[in-house]
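Enquirer: Got a sequence here, can you build the structure:
(one chain, ligands or ions: 1)
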Amino acid sequence: MLTKTEQINSEVKLFGNVQFIYELVLAKMELESFDIEYSVNESLRSFDIAKLPNQENFLSRTAYFENLNNIPSLYKKITSRNITRSINQYLTHWFYPYKGKFHPQMIRALFNYLQIQSGETILDPFIGSGTTALEAQLLGINCIGIDVSEVCYLISKVKTNSTNSHSEIKNTFNYLEELLDGKHTGENEQLQSVSNFVQNIKNENCKNFYWVAELITHSDRARRRKKNPIQLFYNNSKKMLESVSDYVELINKFNLNLGETSFYIQDARELKLQSNSVDGIITSPPYSIALDYVENDKHSFSVLGKKTDEIRENFIGVRGKGNSKIEMYNSDMVKAYEEMDRVLKPGRKCVIVIGNATLNKQEIKTVEMTIEIFTKMGYSLEKNLDKIIFGLYNIMQKENILIFAK
Ligand SMILES: C[S@@+](CC[C@H](N)C(=O)[O-])C[C@H]1O[C@@H](n2cnc3c(N)ncnc32)[C@H](O)[C@@H]1O
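Expert: Below you'll find the model as predicted:
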């Protein structure tokens with residue numbers, strides 16, 4: 001922190017959406033990771049800066065600061081590419097209504113705190129809807145995303161790979177529009193059903209893109225039965241294409257050097273990865289018994305031809321009943337944490353975002369258990385931040401951001 005005499009005329013300003021204490025703490029952690037000397041202003045919305053070793057690096061990587069002396073950060077420009085009303089659903093983050101997503105800004109800040117450099121590799125063994133992967137990609141960091149769910153595998157791929165097939169996706173959209181306008185009368189069977197249209201697409205990235213549009217259509221239809229599915233599919237594809245076009249424009253305008261992404265349908269308890277091979281881990285495992293990921297995505301699993309009762313056994317947190325459910329969860333998580341330990345390089349860090357769920361008025365101490373397992377494996381707990389959560393009041397009020405050093 002600065003004394004008054006050390007202050008110079010530099011100021012960094014927080015994004016307007018920053019409103020929680022944990023975000024302010026992460027913002028301070030970010031400044032420290034850039035070796036910046038600072039003091040917080042009275043409003044708590046901006047910081048005075050004395051020492052700023054690398055202004056360019058700070059402006060291109062920061063997550064919580066929208067500008068430095070009124071020069072906008074790259075993240076300010078990235079997050080403005082948003083077709084949704086939700087501030088953190090910019091670019092392709094919004095694809096698919098997945099419950100329990102990470103807050104992307106938090107992930108970007110954690111990359112800074114963990115000092116993960118462009119070209120290094122991060123692992124998220126519970127990738128879910130792909131938030132870690134998209135944020136890594138934007139910083140030039142390579143990401144390995146693992147999930148046991150085929151739905152998550154597909155969404156993560158589409159969010160991060162569609163820019164590579166932008167023109168095929170655009171051509172397919174134009175064709176869909178022409179079919180709907182009756183311009184290809186001999187090919188009307190293409191529109192017999194949404195599935196039929198998607199199945200006939202040859203290019204793999206392009207097909208995956210429209211598959212996700214189909215999954216979104218199914219989840220919309222579950223809520224609004226009356227609308228014509230082809231029309232809903234068309235509307236969703238149009239919005240998704242707009243976001244991919246935005247992403248392509250952003251890459252070209254700012255000459256972004258994207259990180260590579262690779263996704264695998266695997267079990268986090270048995271990673272098919274080499275020991276000591278990743279430079280960092282950021283993940284949120286299933287929250288004990290708080291959310292049923294199989295039930296949540298059952299419409300999508302059925303579109304992908306998967307039987308939910310068959311795949312259930314592979315999902316952590318939904319196996320077993322009553323107390324045995326919790327015991328199974330605990331032993332599954334020990335295995336998953338041991339695997340993370342095996343693949344993480346010595347000297348690097350692992351971030352686990354997890355909360356204690358309440359079952360029959362009893363709190364299940366998942367956070368404490370996680371700390372105990374990592375401590376036994378020889379890690380030190382470097383940070384433990386409380387993060388408030390909304391929408392799950394009766395099951396969980398807060399989660400913890402646990403940062404362990406190997
Ligand atoms: C809390 S969510 C992750 C959400 C993610 N952070 C995001 O931003 O979307 C946990 C994920 O763990 C996955 N999962 C459950 N059991 C698993 C297993 N055995 N191996 C790998 N992934 C599993 C679920 O499918 C779910 O996507």
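Enquirer: Which parts of this protein belong to which domain?
Expert: Following automatic domain parsing, one gets these domains for the chain: 4-77, 81-155+258-405, 163-253.
Enquirer: Would you mind putting those domains into a markdown table with mean neighbour count and mean pLDDT alongside?
Expert: C-betas here are computed from N, CA, C, even on glycine. Converted to a markdown table, these look like this (neighbours: other C-beta atoms under 10 Å; pLDDT from 0 to 100):
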| stretch | mean neighbour count | mean pLDDT |
| --- | --- | --- |
| domain 4-77 | 16 | 91 |
| domain 81-155+258-405 | 19 | 91 |
| domain 163-253 | 16 | 90 |
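Enquirer: For the ligand, find the nearest of those.
Expert: domain 81-155+258-405 (2.5 Å; C-beta to the nearest ligand atom).
Enquirer: which parts of the stretch 1-150 of the chain sit against the ligand?
Expert: Contact residues (C-beta under 6 Å from any ligand atom) of the stretch 1-150 of the chain with the ligand: Y98, G100, K101, F102, F126, G128, S129, T131, I146, D147, V148, S149.
Enquirer: can I assume the last one is in contact with Y293?
Expert: Yes: S149 is within contact range of Y293, at 6.4 Å (criterion: C-beta atoms under 8 Å).
Enquirer: shared neighbours, these two?
Expert: Residues touching both S149 and Y293 (C-beta atoms under 8 Å, 6 or more residues apart in numbering): F315.
Enquirer: helix, strand or coil for the nearest residue to N296 once chain neighbours are set aside?
Expert: Leaving aside its sequence neighbours, N296 sits nearest to K99 (C-beta to C-beta, 6 or more residues apart in numbering; 5.4 Å). Three-state assignment for K99 (DSSP: H, G, I helix; E, B strand; the rest coil): coil.
Enquirer: and K99, backbone torsions?
Expert: phi -90, psi 130 (degrees, to the nearest 10).
Enquirer: Dump the residues of the stretch 1-150 of the chain next to the ligand into JSON lines; add secondary structure as well.
Expert: Compiled in JSON lines, those are given as follows (three-state DSSP):
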{"residue": "Y98", "secondary structure": "coil"}
{"residue": "G100", "secondary structure": "coil"}
{"residue": "K101", "secondary structure": "coil"}
{"residue": "F102", "secondary structure": "coil"}
{"residue": "F126", "secondary structure": "coil"}
{"residue": "G128", "secondary structure": "coil"}
{"residue": "S129", "secondary structure": "coil"}
{"residue": "T131", "secondary structure": "helix"}
{"residue": "I146", "secondary structure": "strand"}
{"residue": "D147", "secondary structure": "strand"}
{"residue": "V148", "secondary structure": "coil"}
{"residue": "S149", "secondary structure": "coil"}
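Enquirer: what's the following helix or strand after the longest helix anywhere in the chain?
Expert: Longest helix in the chain, counting residues (DSSP state H): helix 229-253. Going down the chain from helix 229-253, the next helix or strand is strand 261-265, by DSSP states H and E.
Enquirer: For that following strand, name the packing helices and strands.
Expert: helix 131-138, strand 142-147, helix 150-161 (3 or more C-beta pairs under 8 Å, 6 or more residues apart in numbering; DSSP states H and E).
Enquirer: List the residues that contact the residue nearest the centre of the chain.
Expert: Taking C-alpha atoms, centre = their mean, the centroid of the chain lies closest to T131, which sits 1.2 Å from it. Taking C-beta under 8 Å, 6+ apart, we find T131 in contact with H93, K101, F102, P104, I107.
Enquirer: Could you do E135 as well?
Expert: P104, I107, R108, F111.
Enquirer: run the last query once more with 10 Å
Expert: Listed by C-beta atoms under 10 Å, 6 or more residues apart in numbering, the contact set of E135 reads 63, 78, 93, 102, 104-111, 122, 124, 141, 143, 259, 282.
Enquirer: Likewise for S380?
Expert: S380 neighbours (C-beta under 10 Å, 6+ apart): K349, F374, I403, F404, A405, K406.
Enquirer: measure N54 to S33 for me?
Expert: 12 Å (C-beta to C-beta, to the nearest Å).
Enquirer: what do the two both touch?
Expert: R61.
Enquirer: and stretch 25-35, how far out from the chain's middle?
Expert: 21 Å (C-alpha atoms, centre = their mean, to the nearest Å).
Enquirer: oh, I was asking about stretch 356-366
Expert: The answer for stretch 356-366 is 25 Å, by C-alpha atoms, centre = their mean.
Enquirer: Restricting to C-alpha, output that stretch in PDB.
Expert: Provided in PDB are the C-alpha atoms of stretch 356-366 (Å, rounded to 0.1, in the frame of the first residue of the first chain):
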ATOM      1  CA  ASN A 356     -21.400 -26.500   1.800                       C
ATOM      2  CA  ALA A 357     -24.900 -27.700   0.800                       C
ATOM      3  CA  THR A 358     -27.700 -28.300   3.400                       C
ATOM      4  CA  LEU A 359     -29.500 -31.600   3.500                       C
ATOM      5  CA  ASN A 360     -32.400 -32.100   6.000                       C
ATOM      6  CA  LYS A 361     -31.300 -28.900   7.800                       C
ATOM      7  CA  GLN A 362     -27.800 -30.300   8.200                       C
ATOM      8  CA  GLU A 363     -24.800 -28.600   6.600                       C
ATOM      9  CA  ILE A 364     -22.600 -31.000   4.700                       C
ATOM     10  CA  LYS A 365     -19.000 -29.800   5.400                       C
ATOM     11  CA  THR A 366     -17.600 -30.200   1.800                       C
END
